[in-house]
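Novice: sequence and predicted model, in that order:
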Amino acid sequence: MRAVRWPDVEGKGNAHVPESERDRRVRYLRAWAQAIGGGVREDDAAAVVRRVFAVQAQDATAARLGIRARSRAVDGEAVRVAYEDDRSIVRGWFMRGTLHTVPAPDVRWLLRLLGPRLLRAGERRYRELELDEALRERADDLLKRAVTTHGPLTRAELTERLAPLGVPPTGQAAFHLIRHAALRGILVHGPERAEGEYAGEATFVLLDDWLLDDWLPDAGAAFPEDAAAELARRYLKAYAPADAADFAAWAGLPAGVARTAWRALADAGASAEYAGLTVPARRATQDADETDTPDVRLLPAYDNYFTGYRTRELSVPAAHEKRVWPGGGVLRPTVTVDGLAVATWSRQVTKEAADVRVEPFAPLSREVRDGLAEETAAVSRFLRPE
């Protein structure tokens, strides 16, 4: 293994690094931070989520695959246990108003920071759907009573419960009311329905009931004094090297709020400079080991590694960007080598097997093909265990 030396706190030694070498090093260190490079893998699902802070989760299967890609031999059952039995990770609407899986102890302060902003941002859509404040409050109360009485309910079942308020069963009104209750800290995603008409679908539960006592704050002690700065610190740990614009794009915070939070890290001595970007201060004198063997990972659709920065120029070759982002908000499953996209992939799952098809951007080296064979076999086992 060869070591990649972090610069000292002053960033000395970086001025003469060639641009291509600088980009390669930044990309490698980002992949290392995200546990998709440098041979880094975490032991369990909760450890993965703690490391990356938030796994993109608008597609539940993709979220599980994102955890798999960053872990050692974690199977689908282990991910389910983390969500449903240990309840150490929680799925909900957080950064940018998008579904993410986050560590359970962080749910409440994240909602306190982001929830009101997202609700204000949704006012125009509420008006378009004729969901005035009084109706939203009645819906919050009705949804809370429904889940209290009947236990975990799917989106379709909650939509049925909203009918007495005049909410149509089709369209987006019911979804936005359910999301409103979640952003207010009333509902959160719970277990998947095990059987019946809605087998395999996510359910919603009461947040206060779902979070275990271990995750409840003691007299507010679990709430950071400056939540925006805390979010910046978590982001920097999981995505560095990065800058304030990257943080703002990832978090969905206003640029001014993001810049203030970013400066707070520097003022507190919690960050340092690296090649014109920022890293956690404690990494400024640490080594990050870079392996001689290419580190190949199959990342799922919408993976947070690709959505965590303002631009994707370091992670996806410009000539192949459309193959990863074809348009319409689609972000395809992607094969990376030390953080660089080299292919897209797709899956076909049947009762008999899970087949993985890879479409390389260019011919792959034998070492990469060997790593790819291991990864595709691991994904197949994960999707269709024997």
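Specialist: Received it, and whenever you're ready, just let me know what you need. Numbers count the residues shown, from 1 in each chain.

Novice: hmm, residue 383 is touching residue 351, no?
Specialist: No - with contact defined as CB atoms under 8 Å, residue 383 does not count as touching residue 351 (11.8 Å). Backbone N, C-alpha and C define where each C-beta goes, glycine included.

Novice: which residues does residue 91 contact?
Specialist: 57, 60, 63, 83, 99, 100, 101, 188, 189, 202 (CB atoms under 8 Å, 6 or more residues apart in numbering).

Novice: quick one: contacts for the third one?
Specialist: Counting by CB under 8 Å, 6+ apart, residue 63 makes contact with 55, 56, 57, 91, 101, 300.

Novice: any chance of JSON lines for those, columns pLDDT, distance to residue 345 and secondary structure?
Specialist: Supplementary listing: the contacts of residue 63 in JSON lines, determined by pLDDT from 0 to 100; distance: CB to CB, whole Å; DSSP: H, G, I helix; E, B strand; the rest coil:
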{"residue": "55", "pLDDT": "97", "distance to residue 345": "18", "secondary structure": "strand"}
{"residue": "56", "pLDDT": "95", "distance to residue 345": "17", "secondary structure": "strand"}
{"residue": "57", "pLDDT": "96", "distance to residue 345": "19", "secondary structure": "coil"}
{"residue": "91", "pLDDT": "97", "distance to residue 345": "24", "secondary structure": "strand"}
{"residue": "101", "pLDDT": "98", "distance to residue 345": "21", "secondary structure": "strand"}
{"residue": "300", "pLDDT": "97", "distance to residue 345": "9", "secondary structure": "coil"}
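
Novice: between these, which sits nearest residue 269?
Specialist: Nearest to residue 269 among the contacts of residue 63 is residue 55, at 29.3 Å by CB to CB.

Novice: any idea how many residues pack against the residue lying closest to the closest one once chain neighbours are set aside?
Specialist: Nearest in space to residue 55, with sequence neighbours left out and distances taken as CB to CB, 6 or more residues apart in numbering, is residue 101 at 4.3 Å. Neighbour count for residue 101, taken as other CB atoms under 10 Å: 29.

Novice: now the strands for the chain?
Specialist: In chain order, the chain shows strands spanning 2-5, 55-56, 89-93, 99-103, 153-154, 187-192, 202-206, 271-274, 277-280, 287-290, 296-299, 334-337, 340-349, 354-360, with DSSP state E as the criterion.

Novice: where's residue 182 relative to residue 300, distance?
Specialist: 23 Å (CB to CB, to the nearest Å).

Novice: compare neighbour counts for these two and give me the winner.
Specialist: Residue environment comparison for residue 182 versus residue 300 gives the larger neighbour count to residue 300, 25 against 22, counting by other CB under 10 Å.

Novice: pretty sure the more buried one sits against residue 65.
Specialist: Yes - in terms of CB under 8 Å, residue 300 counts as a neighbour of residue 65; the distance is 3.7 Å.

Novice: quickly note the distance from residue 358 to residue 364.
Specialist: Between residue 358 and residue 364 the distance is 9 Å, computed by CB to CB.

Novice: can you check which residues contact both of those two?
Specialist: Both residue 358 and residue 364 are contacted by 343, 372, under the criterion CB under 8 Å, 6+ apart.

Novice: who's in contact with stretch 372-386?
Specialist: Applying CB under 8 Å, 6+ apart, the contact partners of stretch 372-386 are 64-65, 68, 75-77, 296-298, 335, 343, 345, 347, 349-350, 352-356, 358, 364.

Novice: quick revisit: which of the contacts of residue 91 lies closest to residue 165?
Specialist: Distance from residue 165 was checked for each of the contacts of residue 91 by CB to CB. The minimum falls on residue 188, at 21.5 Å.

Novice: domains in this protein, by residue range?
Specialist: Structurally, the chain divides into domains by automatic domain parsing as follows: 123-184+195-210, 298-383.

Novice: most neighbours of all the contacts of residue 91, which one?
Specialist: Ranked by the number of neighbours (other CB under 10 Å), these place residue 101 first, at 29 neighbours.

Novice: low-confidence bits of the protein, can you list those?
Specialist: 1-19, 213-224, 283-290, 385-386 (pLDDT under 70).

Novice: which residues does the residue nearest to residue 55 bridge with?
Specialist: residue 55, residue 91 (DSSP bridges).

Novice: verify the stated contact: it with residue 58.
Specialist: No - Residue 101 is not in contact with residue 58 according to CB under 8 Å; the separation is 10.5 Å.

Novice: contacts only, for the residue lying closest to residue 92 once chain neighbours are set aside.
Specialist: Nearest residue to residue 92 in three dimensions, chain neighbours excluded: residue 188, at 5.1 Å (CB to CB, 6+ apart). Residue 188 makes contact with 90, 91, 92, 107, 182, 204, 205, 206, 207, 210, 211, according to CB under 8 Å, 6+ apart.
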